[in-house]
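In: model the following, please.
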Amino acid sequence: MYNLSMSTTSIANARKNFSEVIATSEREAVFIERRGQRAAVVVSPEQYERMMDALEDAEDVAAFDEAMAQEGPNIPWDQVKADLGW
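Out: Residues are numbered from 1 along each chain as shown. The predicted model follows:
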């Protein structure tokens, strides 16, 4: 599902070899460090989209779980669809 490989490089090296950082990010995440601390990460657009989709799915599940835990009157699904014009 996800490629968990990663590389690490310094900001100075990333600046000097930016094309290489981009090429590497197509295969794995590239962490860029400043003074030995992670400052940024470069990932491919495809991996970014997968991560954002997974985050949105997780947020949807959390919202669903929260809604299901609420007590009180419920609105039947058929009524919701009718109210929305579906």
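In: where exactly do the strands run in the chain?
Out: Applying DSSP state E to the chain gives strands spanning 6-10, 29-34, 37-42.
In: would you convert those into TSV that also reports mean pLDDT, mean neighbour count and distance to residue 61?
Out: C-betas here are computed from N, CA, C, even on glycine. Output for the strands of the chain, formatted as TSV (pLDDT from 0 to 100; neighbours: other CB atoms under 10 Å; distance: least, CB to CB, whole Å):
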stretch	mean pLDDT	mean neighbour count	distance to residue 61
strand 6-10	96	15	26
strand 29-34	98	17	24
strand 37-42	98	12	25
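In: would you turn the ones you listed into a markdown table with distance to residue 84?
Out: Shown next, in a markdown table, are the strands of the chain (distance: least, CB to CB, whole Å):
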| stretch | distance to residue 84 |
| --- | --- |
| strand 6-10 | 44 |
| strand 29-34 | 40 |
| strand 37-42 | 39 |
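In: okay, now the unreliable bits of the chain?
Out: Flagging of the chain using pLDDT under 70 yields the residue ranges 1-4.
In: contacting residues around stretch 12-25?
Out: 7, 9, 30, 32, 42-44 (CB atoms under 8 Å, 6 or more residues apart in numbering).
In: residue 55: which of these is nearest?
Out: Distances from residue 55 to the contacts of stretch 12-25, taken as CB to CB, are shortest for residue 43 (13.2 Å).
In: not counting sequence-adjacent ones, nearest residue to the closest one?
Out: Counting by CB to CB, 6 or more residues apart in numbering, residue 29 is the residue found nearest to residue 43 once chain neighbours are left out, at 5.0 Å.
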